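[1] build me a structure from this.
(chains A and B)
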Amino acid sequence: MRRQERIANWAAKLSVTPVVWFETIKQYKERHDGNAPPTKSLNKIGTLAAFRIDPSGSRLPLDYSWYRYGTVAERLPSEVVRFEDPDSGQPCADWKGPRPDFQQDDPLVARVREEIGHVIADYPEDSDFERLVDEVYEFAPFPFQRSYRLARMRLGVTGHGSRFENEVRVRDFWELLNAALSEFPEQDFPQVALTVGPLREIIKLTWNQLPSRDLDATKAVVEGFWDTFCSFLRAHDLGHSKGLGSERIHQRAVEAGWSLDRLRDLLGDMALRISDRIPDVAEDATLGPIIENRRKDIEEQSTALEQGLAAADEIRRLIAQGD
Amino acid sequence: MCPSPLALDTNVVLDSHIMHWLRHHHTVKVISPVAYAELAFGYITRLGSTKSLDAMLFKTKIRVEQFEMAEARITGEFVRQLMGGARLAPGTDEFRRAWNKAWRDSAIASHAAFSPWRLLTFERNGFPFLGWRAKNPYDFKSQILSGTEERRDLGEEDE
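    Numbering: from 1, shown residues only, chains lettered A, B, ... in the order given. Prediction:
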């Protein structure tokens, strides 16, 4: 195919992508008494329809990434306006402006309309949303995303209404977690892989070995790890659509680094907390160094805070002059 | 579910108790460049530089967020809402003071415009457009420690 022809084809495909978001909003509103979709529904319905039509993304190049709750749209048309629903407090999205331009007889447009209709018919009620997320996860690039989701579901932090919910409820969390961690894609995420050992040791203690199970600490660590993994995931080649700009990916990589810093602090705080109750933990080969590092870090933070806030009252008064 | 990301109002950064607590609350913490500018004014005036401010923000992992077109657009909308409700006569000193403050507050709040972001501020009334997501930091701390923080935006951790 000649270059110009290829460019023309690509441009035609790009012009179809706004139709995905336009049709998702339109058909969702038709199904829900005129109510605009929550952004999470918009994200999942639109990307699922695109996955069903074209899992490779070559015919329908929708910009999305994988994050903490499945897929998220990366670039929405300017006509998609976000607002907060006053009753539920949830962010929603509506289409304000003219409908997108496209060729009426374009077969891809017809296919998009049809598939969005199918997705909405398959998951017609808000209570079906988590089953929709189940199907979205079938397209996840790493099996770890699915297996770790099951472990999180067992803790009750996600997946209410999922088709896996009942099955997971009777399973042991520790086994689910280990099954998930055995699938962790170490080669793809070497920096995050370094935290898997400490994560496992800390949860072994909070879940199995403290005199009383510490559910809150377990949840905090499980979720902190998920946040960091997903931050790296969306900067990974397989964690986002092909057309995403390099600048955005770079920004995501920077954010992933910050997330890893937070996870290290969280693991350090948890290990410190456990060592108050089980002093031997401070001698542990995996957790000992983490405790030591966190202690040092807390000391440095205290010094920085002391110096940074030494003149806080006067600075506050100076700033208040501008009000 | 991960803890809500936090935008901090200027004075929150100057509160020792909250700053000490926040370093053990592991979530995204940002300040607006406008809040940083206010703080920089105070630090440079009083101490001659922002060195101790920068070190404090760096060590406690509070980052100065980018202010881009999206935030600028939201700021404009927030100012419109604030000034529309103020019912002041344009051109008066009172109007100019309110206008000046509205711009700064709106720019600071623009980073918390959407769920699941929260704005921690000692002046909750100054941010009516954020509704329940503008929180007094001491109330917020109590809610986190007691596990009662309101999560009406449950399930929106992807944004």
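[2] stretch B:87-101 and chain A, any residue contact?
    Yes. For stretch B:87-101 and chain A, the contact criterion (C-beta under 8 Å from any C-beta of the partner chain) is met by B:97, B:100-101. All C-beta atoms are positioned from the backbone trio N, CA, C, and that covers glycine.
[3] export those residues to TSV and tack on secondary structure?
    Conversion of those to TSV gives the following (DSSP: H, G, I helix; E, B strand; the rest coil):
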residue	secondary structure
B:R97	helix
B:N100	helix
B:K101	helix
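[4] for those, which single residue is the most surrounded?
    Within these, neighbour counts (other C-beta atoms under 10 Å in any protein chain shown) peak at B:K101, which reaches 15 neighbours.
[5] which residues touch it?
    Contacts for B:K101 were tallied using C-beta atoms under 8 Å, 6 or more residues apart in numbering or on different chains; they are A:323, B:126.
[6] local confidence estimate at A:M1?
    Here the pLDDT value assigned to A:M1 is 54.
[7] that should have said A:P91, apologies.
    A:P91 is assigned a predicted lDDT (pLDDT) of 85.
[8] about what we covered before: for the residues of stretch B:87-101 next to chain A, give me TSV that also has distance to A:Q251.
    Supplementary listing: the residues of stretch B:87-101 next to chain A in TSV, determined by distance: C-beta to C-beta, whole Å:
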residue	distance to A:Q251
B:R97	37
B:N100	32
B:K101	31
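[9] which of those lies closest to A:Q301?
    Lowest distance from A:Q301 to the residues of stretch B:87-101 next to chain A (C-beta to C-beta) belongs to B:K101, with 32.1 Å.
[10] spell out which parts of the stretch 1-150 of chain A neighbour chain B.
    Taking C-beta under 8 Å from any C-beta as the criterion, the contact residues of the stretch 1-150 of chain A with chain B come out as A:38-40, A:43, A:67-70, A:72, A:82, A:84, A:88-91.
[11] buried only: go through the residues you listed for me.
    Those of the residues of the stretch 1-150 of chain A next to chain B that meet the buried threshold are A:38-40, A:43, A:67-70, A:72, A:82, A:84, A:89-91, by 16 or more other C-beta atoms under 10 Å in any protein chain shown.
[12] where is pLDDT lowest across these?
    Lowest in pLDDT among these is A:G89, which has 75.
[13] was I right about that one contacting B:S115?
    Yes. The pair A:G89 and B:S115 qualifies as a contact (C-beta atoms under 8 Å) at a distance of 6.8 Å.
[14] can you pull the contacts of residue 128?
    Here I'm looking at chain A. A:D128 makes contact with A:122, A:161, according to C-beta under 8 Å, 6+ apart.
[15] actually it's chain B I care about, not the one you picked
    B:81-82, B:85.
[16] now do residue 53, the pLDDT please.
    As the question left the chain open, I've gone with chain A. 94.
[17] sorry, I should have been clearer: chain B.
    98.
[18] now the helices for the stretch 1-150 of chain A?
    Chain-ordered helices for the stretch 1-150 of chain A, with DSSP state H, counting those that start in this stretch as the definition, fall at A:3-31, A:39-53, A:107-122, A:129-137, A:143-155.
[19] residue 109: neighbouring residues, count only.
    Unless you meant another one, I'm taking chain A. 18.
[20] right idea, wrong chain: chain B
    By other C-beta under 10 Å, the residues close to B:A109 number 27.
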